[in-house]
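Colleague: From the sequence below, what's the structure:
(one chain, ligands or ions: 2)
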Amino acid sequence: MGAEERDRDGHIAALKQVAAQFAVAVTPHLQAQIDPADPADPIARQFLPDAAELVTHPHEAADPIGDEAHSPLPGIVHRYPDRLLLKLVNVCPVYCRFCFRRETVGPGSRGLTAGQLDAAIAYIADHPEVWEVILTGGDPLIVSPRRLKSVLQRLAAIPHLGVIRLHSRVPVVDPERVSPALIDALKSGRGAEGRDKAVWLLLHANHEREFVAPAREAIARLIDAGIPVLGQSVLLAGVNDTPEALAGLFRAMVRNRVKPHYLHHGDLARGTAHFRVSLGRGQALMRSLRGRHSGLMQPTYILDIPGGHGKVPVGPLYAAPRADGQGWEVTDPWGCTHLYADPAADRS
Ligand SMILES: *Cc1c(COP(=O)(O)O)cnc(C)c1O
Ligand code: SF4
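Modeller: Ligands and ions are numbered 1, 2, ... in the order given. The predicted structure is shown next:
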């Protein structure tokens, strides 16, 4: 056996080990977009397993954002008073190699049973302080339109809810699923009059290459049906950690009427060190967008504080109080600082 064959056999053995630990799936739609000749293909890097996933670092955790600690019953994560997560399923059409819930999502894990769903909906109905339900998981748009419609109708009947939000990757990874029946199911979350509540979709996409024609058409079908779509992305080494890649991604979003909302700093999930970007570099990348690109292309850079302490913006900051107490030092998009005297400072 030559060295090359040994390398290949070793590589395949490593990938089998990865697949034994973390779910692997790629839709035919995505498979068709991977350029096998490009070793840095941003689609392949996001979805094809890598031996680097076998390496775990001490700072990495099975539950990096502390979902478990805030789960009063199966399917619900209630960390903030006014909004909660409802996880109908733990499966996705694809498994992102950097997923922060990679320990709980996968084809073997089951979704909520009918009884658990009843209990979750009863919990929401019993908590009048909950104004927003966020369907995530797993990918809620993998649920059959019939079942999704029934869930959204039940949520729509809860008077204190104002917003139903769905987090999904389906429009870019499996656009054919965005069918008339699925759109009809989503619209049923607005209530009987169609105006009672808002249904928002948060589209997870990380590279402009995800916005091929079928994906753009799926997004257009949603927005044309009156469902506002916002973008959420994860900052990923080797996928979008350059000024050009980020600008390309956010241009692709805005071009398709999707407002970039959050850019997530990667969570400390096991086996994801090869995707990690430093916070300082993330701030520098955010600075590279400001002033050079449309204001519509500026998401908020977000860290979910490990341990379940919540999400906060992590800059960069453009204004700081001056050391001498006389006003503020404000940095312009080109890095020059200016004094803002703050005439209203004494009103604070
Ligand atoms: C991220 C998250 C939310 C939503 O937070 P937003 O800042 O409103 O997007 C709500 N609950 C939990 C548990 C979360 O992790
Ligand atoms: S779609 Fe979301 S939940 Fe599913 S694997 Fe990707 S990041 Fe994880």
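Colleague: okay, residue 348: pLDDT?
Modeller: Per-residue confidence (pLDDT) for residue 348: 61.
Colleague: low pLDDT regions in the protein?
Modeller: Low-confidence segments of the chain, defined by pLDDT under 70, span residues 1, 348.
Colleague: For the closest residue to ligand 1 within the stretch 201-348 of the chain, which residues are in contact?
Modeller: Across the stretch 201-348 of the chain, the shortest distance to ligand 1 (CB to the nearest ligand atom) belongs to residue 311, at 4.8 Å. Heads up, the C-betas are built off the backbone N, CA and C, glycines and all. Residues in contact with residue 311 (CB atoms under 8 Å, 6 or more residues apart in numbering) are 302, 303, 304, 305.
Colleague: you'd agree the last one is up against residue 313?
Modeller: Think residue 305. No - counting by CB atoms under 8 Å, residue 305 stays clear of residue 313, with 11.6 Å between them.
Colleague: Name the residues that touch stretch 159-166?
Modeller: If you take CB under 8 Å, 6+ apart as the criterion, stretch 159-166 is touched by 124, 128-136, 140-141, 152, 155-156, 186, 189, 197-202.
Colleague: Also within reach of ligand 1: list those from these.
Modeller: Taking CB under 6 Å from any ligand atom as the test, ligand 1 is in contact with residue 134 out of these.
Colleague: So which of the contacts of stretch 159-166 sit within helices?
Modeller: Using DSSP state H, 124, 152, 155, 156, 186 are the members of those that sit in helices.
Colleague: can I get those in TSV with distance to ligand 2 and neighbour count?
Modeller: Shown next, in TSV, are these (distance: CB to the nearest ligand atom, whole Å; neighbours: other CB atoms under 10 Å):
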residue	distance to ligand 2	neighbour count
124	21	19
152	20	24
155	20	21
156	24	20
186	18	25
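Colleague: just the residues you listed now: which is nearest residue 26?
Modeller: residue 186 (25.2 Å; CB to CB).
Colleague: check contacts around residue 240.
Modeller: Counted by CB under 8 Å, 6+ apart, residue 240 has contacts 42, 206, 207, 233, 246, 249.
Colleague: swap that for residue 296, please
Modeller: Contact partners of residue 296, counting by CB under 8 Å, 6+ apart, are 254, 259, 260.
Colleague: and with 6 Å instead?
Modeller: residue 254 (CB atoms under 6 Å, 6 or more residues apart in numbering).
Colleague: I'd like the distance between it and ligand 2.
Modeller: Between residue 296 and ligand 2 the computed distance is 24 Å (CB to the nearest ligand atom, to the nearest Å).
Colleague: SS state for that residue?
Modeller: helix (DSSP: H, G, I helix; E, B strand; the rest coil).
Colleague: Residue numbers of the stretch 1-150 of the chain in contact with ligand 1?
Modeller: Within the stretch 1-150 of the chain, the positions adjacent to ligand 1 are 65, 70, 77, 79, 80, 83, 85, 134 by CB under 6 Å from any ligand atom.
Colleague: Quick check: of the ones in helices among the contacts of stretch 159-166, which lies closest to ligand 1?
Modeller: Closest to ligand 1, out of all of these and judged by CB to the nearest ligand atom, is residue 124, at 13.1 Å.
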